[in-house]
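**Student:** Here's a sequence, model it:
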Amino acid sequence: MQIGIITIFPGMFYDFMNYGIIKNILKKNYLNLNFWNPRDYSENKKRKIDHKIYGGGKGMLMQPQPLKNTIFIAKKKLGSNVKTIYLSPKGVLLNQFKIIQLLKDNNLIIVCGRYKGIDERIIKSEIDEEISIGDYIISGGELAAMILIDAIARIIPGALKQQSYTTDSFFNGLLSHPDYTYPKIFNNMEVPEVLLSGNHKEIEKWRLKQALGTTWIKKPQLLNNINLTYQQKKLLHEFKIEFYKKKG
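**Tutor:** Below is the predicted model:
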């Protein structure tokens, strides 16, 4: 997969590229990252890429011409089938389903805004999709781009062992089940007995019940998007009975 990042701060990505999963898949060439700085394609002698907003108001806006020039160069490198994304609080909210969709696109360009954002004419003429990482504001698109890239990287075929991400929250529409490690007793709390039993069938059943129950407690809206099987409905019902018994 190829991802191009358009940013005035490419240096922010250097540490990101040198740790964990990203480092490994870059080394294996499962993912290629390319960077383009709009300042390098500005037609201003001082490499200026921002200007005051028409109509007044506080803050500066990224100008359209340097961005258009940069996107043109990036598309020339990555090919005509590339999808261009602008990270914006106005975009569709990022979720696991969207991550899986983006992986299928194979070639992406991510535009990282700064200041008050980018000129609307670039959004209308050059951007295929606006994506938001949440209903809040951060200083620029770089951190959002890292989140997006990391989320995509984890599910690139060969990046991880399959079971490592198929048990993650949201992969099957549910939150993940609770997990435990050594020691067996910590702060007077014991590891659930079923996890020590060695009975893999019962362990998987327990994990599914806990995943359903955890989703019901913490993010019940997710269950509205899932057609639960008879077994899942039965396990969720059992979880609810146990939950209310504990509450007294």
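
**Student:** Domain boundaries for this structure, per the record?
**Tutor:** Per automatic domain parsing, the structural domains of the chain span 2-163, 168-247.

**Student:** In contact with residue 20, which residues?
**Tutor:** Contacts for residue 20 (Cβ atoms under 8 Å, 6 or more residues apart in numbering) come out as none. Quick note: C-beta positions are derived from backbone N, CA and C, even for glycine.

**Student:** quick one, phi/psi of it?
**Tutor:** phi 60, psi -140 (degrees, to the nearest 10).

**Student:** what about the helices in the chain?
**Tutor:** Ranges of helices in the chain, per DSSP state H, are 20-27, 64-78, 96-105, 120-126, 141-153, 162-166, 200-218, 230-247.

**Student:** Pipe those into a markdown table and attach mean pLDDT per row.
**Tutor:** Shown next, in a markdown table, are the helices of the chain (pLDDT from 0 to 100):
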| stretch | mean pLDDT |
| --- | --- |
| helix 20-27 | 93 |
| helix 64-78 | 95 |
| helix 96-105 | 93 |
| helix 120-126 | 95 |
| helix 141-153 | 97 |
| helix 162-166 | 55 |
| helix 200-218 | 96 |
| helix 230-247 | 94 |
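
**Student:** from these, which stretch is densest packed?
**Tutor:** Counting by mean count of other Cβ atoms under 10 Å, helix 141-153 has the highest mean neighbour count of the helices of the chain, with a mean of 20.

**Student:** which residues are in contact with that one?
**Tutor:** 1, 3, 5, 7, 9, 12-13, 16, 21-22, 25, 31, 33, 85-88, 94, 96, 99, 102-103, 110-114, 131, 133, 138, 159.

**Student:** List the contacts of residue 228.
**Tutor:** 212, 236.

**Student:** Which pLDDT does the model give it?
**Tutor:** Looking at residue 228, its pLDDT is 93.

**Student:** Distance of it relative to residue 18?
**Tutor:** Distance, residue 228 to residue 18, using Cβ to Cβ, to the nearest Å: 43 Å.

**Student:** try residue 236
**Tutor:** 43 Å.

**Student:** cool, residue 219 as well?
**Tutor:** 33 Å.

**Student:** re the thing from before, which ones among the contacts of helix 141-153 are found in strands?
**Tutor:** 3, 5, 33, 85-88, 110-111, 131 (DSSP state E).

**Student:** ok, residue 15 - how many residues close by?
**Tutor:** 9 (other Cβ atoms under 10 Å).

**Student:** Now do the phi/psi pair for it.
**Tutor:** Torsion angles, degrees, to the nearest 10, at residue 15: phi -70, psi -40.

**Student:** for it, what are its contacts?
**Tutor:** Listed by Cβ under 8 Å, 6+ apart, the contact set of residue 15 is empty.

**Student:** Show the pLDDT at it.
**Tutor:** Note on residue 15: pLDDT of 95.

**Student:** Check residue 47 too.
**Tutor:** pLDDT, read off for residue 47, is 91.

**Student:** Quick check, it in contact with residue 41.
**Tutor:** No. Residue 47 sits out of contact with residue 41 when judged by Cβ atoms under 8 Å, with a separation of 9.1 Å.

**Student:** More neighbours: those two, which one.
**Tutor:** residue 41 (20 against 14).

**Student:** do you know how far the closest residue to the more buried one other than its chain neighbours is from residue 39?
**Tutor:** Counting by Cβ to Cβ, 6 or more residues apart in numbering, residue 41 lies nearest to residue 69, which is 3.8 Å off, once chain neighbours are set aside. Applying Cβ to Cβ, the value for residue 69 to residue 39 is 11 Å.

**Student:** do residue 79 as well
**Tutor:** Applying Cβ to Cβ to residue 79 and residue 39 gives a distance of 24 Å.
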